[in-house]
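Peer 1: Sequence plus predicted model, see below.
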Amino acid sequence: LKLQFLYFIGYVAMNDIIYSYTVTGDRGKTPNFASVGPLVLYDSKSDSNLKNEHILLPVYDREIDNTCGVRDTTTNTCHAQATARGMTHIEGGWPQSVDPAETETKWKFTKKAERDESYIMSVCSLSEAVLHRLRENNTLDFYEDYTFSSDLDTVHTAPTVKLMNVLAGGGGHVASISWSPFDRIAVAEVFKESQSEKLSRVWDITQPQCPVALLDPVGGSLTSVAYAVRDFNLIAGGAYDGVVQWWDTRQGAKPVEASSAGYSHKQQVYDVKWLTAKSGRTMTASLDGTVKIWDMKKLNEPVECHTLDLLPEGSQPLGGIAIDYDPLVGGPSRFLVGTQEGAVLSCSMQAQLPLAQDTPLATTITKSYAGHHGPVYSVCRCPSHPSIFLTAGDWRCCLWSDANTMPLWQTPYCDAFITSAAWQTQRVGLFFRTRSDGYLEAWDLLNMLATGPTFLSRISNHPLCCLGLHNRGKLLALGDKVGNLHVIQLEKSLVEYSNDDSTTWADIIQREGKEPRPKMDGSFSYERKSMGSPKIAQEDTLQAYLECVEKELQMERKRILTFKS
């Protein structure tokens, strides 16, 4: 059957045909299948002669890479095996009657030995040879700079810090921070009554993914923590309801022992300190107006109890907020307390309270310093000069001396509240403070002409509540109001110091202690005199010499201009 198909490949308007194809062929024919055998197209017979001449090639493995090689040969170094080892140092050389653990006993034995005539003669005979060698070395100064140019100005760059980690807490208010020498940080968090969480955390900055330990306090949330001075696995803490307790991080989150309700503080425990002079004892301060000393091995009742009462018996005591106690700085029996009413109290541990509950509290206040308009959140003695201490409260920081009831110096009033402050232990005359607007400040008191902070940076968008400085002075931990812990690394200019800084700081303290007149602009109140110290006398002499040289140069220029005219 022949069929004709028309294929149209295009149309134009009005159905006009552009081109047509005609295909003819047989369509629909039935196929015819039949059984047919295989058809041999080619048959090749095997040849034994060719088979003997066949050679089998060996198999080769070859790597193919699309990158060019640097060199033909490669080397691999041996892996270095590293092991962690510790060293045990035990203090020795003391007589059997002297306990190295008691700071006061060692101090008495040292004073007695220094008064011995044989000791004095030995030191004098040995010092003569040492002084002779020192005088020989100081005869010529090989490092003295004999060139001077007044046109060159020293470029001072602003110090910076590096944010290492932001450790997220449970959402509470960070109330206290304590460092251990092994880069661990104990953080006390205060939670609201509506929050079910009350766990505080212990962080390790080398493992910031999660806390290494948890602190589950008895009663309310923790308001203060402190690492033990000798055993860094022990942590002491005070709770919001006044309970004092301690933990061993190797034994879990529950406290090992807690104080009984009858002998605990009646209000919030704001600060806790370990007493290094007496092993296993702590000191706590509370808003109930008492400072108690506890034996951690027996927390059923306090060992001593002191009141913070300036007025006659029967009046309301002052609430304690901050404690400063360091036997190597202020002495084994002296401590400072910052109060809620804005006063700073210098106290002594000589008087103590019998353990009966109905016995009135003993008065141990030796001196008071009134200078703040609100609570004193931080009080700390200067590490290099124990007679000088720093306080932080209301909108400023004040520098005090034990001999004067008026502040030697104070910072200008700030727009935000000052929440905490601490000295830089590795550099004299430098301290840090935190503000309620999230800023961190560093003040360098050696720069006498400065009227503002040396360093100012906003660390958090939330108010900063407290700070903690590592004992090596290179790391600083800051806690904010939402439970975050900011760990920052300080640069060298905020840690290291020169050899002249100690002398300059001593001269400043000596002159300020004679005529204390604090100024509101943050500057020191004394006038520089050329007879104050050899360093200042040398600076004044050099300045006078440069002024004379400048005057002579001006006269020489005038003479040359007159001659030319």
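Peer 2: All right, it came through fine.
Peer 1: now residue 109, what's its secondary structure?
Peer 2: State at residue 109, reduced to three classes by DSSP: H, G, I helix; E, B strand; the rest coil: helix.
Peer 1: Would you state the helices of the chain in chain order?
Peer 2: Using DSSP state H, the helices found in the chain span residues 48-52, 103-114, 117-137, 500-514, 534-564.
Peer 1: give the contact list for the residue positioned nearest the centre of the chain.
Peer 2: In the chain, the C-alpha closest to the average C-alpha coordinate belongs to residue 476, at a distance of 1.4 Å (Cα atoms, centre = their mean). Residue 476 makes contact with 161, 432, 440, 467-470, 487-490, according to Cβ atoms under 8 Å, 6 or more residues apart in numbering. Every residue, glycine included, has its C-beta placed from N, CA and C.
Peer 1: Likewise for residue 419?
Peer 2: Counting by Cβ under 8 Å, 6+ apart, residue 419 makes contact with 377, 392, 434-436, 463-466.
Peer 1: partner residues bridging the spatially closest residue to it that is not a sequence neighbour?
Peer 2: Using Cβ to Cβ, 6 or more residues apart in numbering and skipping residues adjacent in sequence, the residue nearest residue 419 is residue 434, 5.0 Å away. Under DSSP bridges, the beta-bridge partners of residue 434 are residue 420, residue 440.
Peer 1: Residue 462 is in contact with residue 434, correct?
Peer 2: No: between residue 434 and residue 462 there is no contact under Cβ atoms under 8 Å: 11.5 Å.
Peer 1: Among these two, which residue is more densely surrounded?
Peer 2: Taking other Cβ atoms under 10 Å, residue 434 and residue 462 do not tie; residue 434 has more neighbours (30 against 16).
Peer 1: Please report how far that one lies from residue 291.
Peer 2: Distance, residue 434 to residue 291, using Cβ to Cβ, to the nearest Å: 25 Å.
Peer 1: Now do the phi/psi pair for the nearest residue to residue 331 once chain neighbours are set aside.
Peer 2: Using Cβ to Cβ, 6+ apart and skipping residues adjacent in sequence, the residue nearest residue 331 is residue 386, 7.8 Å away. Backbone torsions for residue 386, taken as degrees, to the nearest 10, come to phi -60, psi -20.
Peer 1: so residue 512 makes contact with residue 406?
Peer 2: No: at 10.9 Å, residue 512 does not count as touching residue 406 under the criterion of Cβ under 8 Å.
Peer 1: more neighbours, those two?
Peer 2: Between residue 512 and residue 406, residue 512 has the larger neighbour count (other Cβ under 10 Å), namely 22 against 14.
Peer 1: Nearest residue to the more buried one in space, please, no chain neighbours.
Peer 2: Nearest non-adjacent residue to residue 512, counting by Cβ to Cβ, 6+ apart: residue 408, 4.5 Å away.
Peer 1: For the one you found, grab the count of nearby residues.
Peer 2: Residue 408: 22 surrounding residues under other Cβ under 10 Å.
Peer 1: surely residue 375 meets residue 393?
Peer 2: Yes: using Cβ under 8 Å as the test, residue 375 is close enough to residue 393 to be in contact (5.8 Å).
Peer 1: For those two, indicate the residue with more neighbours.
Peer 2: When neighbours are counted by other Cβ under 10 Å, residue 393 comes out ahead of the other of residue 375 and residue 393, with 29 against 20.
Peer 1: what pairs with that one across the strands?
Peer 2: When bridges are called by DSSP bridges, residue 393 pairs up with residue 376, residue 396.
Peer 1: dump the residue contacts of it.
Peer 2: Applying Cβ under 8 Å, 6+ apart to residue 393 gives the contacts 338, 342, 372-378, 418.
Peer 1: can we see that at 7 Å?
Peer 2: Going by Cβ atoms under 7 Å, 6 or more residues apart in numbering, residue 393 touches 342, 372, 374-377, 418.
Peer 1: who wins for neighbours among those?
Peer 2: residue 376 (27 neighbours).
Peer 1: confidence score at that residue?
Peer 2: At residue 376 the predicted local confidence, pLDDT, stands at 93.
Peer 1: swap in residue 521?
Peer 2: With respect to pLDDT, residue 521 has a value of 49.
Peer 1: And for residue 338?
Peer 2: 92.
Peer 1: Test my guess that it contacts residue 344.
Peer 2: Yes: the criterion here is Cβ atoms under 7 Å, and residue 338 meets it with residue 344 at 5.5 Å.
Peer 1: So for these two, which sits in the more crowded spot?
Peer 2: A direct count of neighbours by other Cβ under 10 Å for residue 338 and residue 344 places residue 338 higher, at 31 against 25.
Peer 1: so how far is residue 418 from the residue nearest to the more buried one when sequence neighbours are not counted?
Peer 2: Distance criterion Cβ to Cβ, 6+ apart; nearest residue to residue 338, sequence neighbours excluded, is residue 376 at 3.1 Å. Residue 376 is 10 Å from residue 418, where distance means Cβ to Cβ.
Peer 1: Neighbours of residue 64, how many?
Peer 2: Counted with other Cβ under 10 Å, residues neighbouring residue 64 total 4.
Peer 1: Could you check how far it is from residue 213?
Peer 2: 54 Å.
Peer 1: same question, residue 100
Peer 2: To residue 213, residue 100 is 30 Å away according to Cβ to Cβ.
Peer 1: Please apply the same query to residue 187.
Peer 2: Distance, residue 187 to residue 213, using Cβ to Cβ: 11 Å.
Peer 1: okay, these two: which has more neighbours?
Peer 2: residue 187 (28 against 20).
Peer 1: ranges for the strands of the stretch 251-400 of the chain?
Peer 2: Per DSSP state E, counting those that start in this stretch, the stretch 251-400 of the chain carries strands over the ranges 257-258, 269-275, 281-286, 290-295, 304-307, 320-324, 334-339, 343-348, 362-363, 365-370, 376-381, 388-393, 396-401.
Peer 1: Let me have those in JSON lines, adding distance to residue 173 as columns.
Peer 2: What follows is these, written out as JSON lines (distance: least, Cβ to Cβ, whole Å):
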{"stretch": "strand 257-258", "distance to residue 173": "22"}
{"stretch": "strand 269-275", "distance to residue 173": "13"}
{"stretch": "strand 281-286", "distance to residue 173": "18"}
{"stretch": "strand 290-295", "distance to residue 173": "23"}
{"stretch": "strand 304-307", "distance to residue 173": "28"}
{"stretch": "strand 320-324", "distance to residue 173": "15"}
{"stretch": "strand 334-339", "distance to residue 173": "19"}
{"stretch": "strand 343-348", "distance to residue 173": "24"}
{"stretch": "strand 362-363", "distance to residue 173": "33"}
{"stretch": "strand 365-370", "distance to residue 173": "28"}
{"stretch": "strand 376-381", "distance to residue 173": "13"}
{"stretch": "strand 388-393", "distance to residue 173": "18"}
{"stretch": "strand 396-401", "distance to residue 173": "22"}
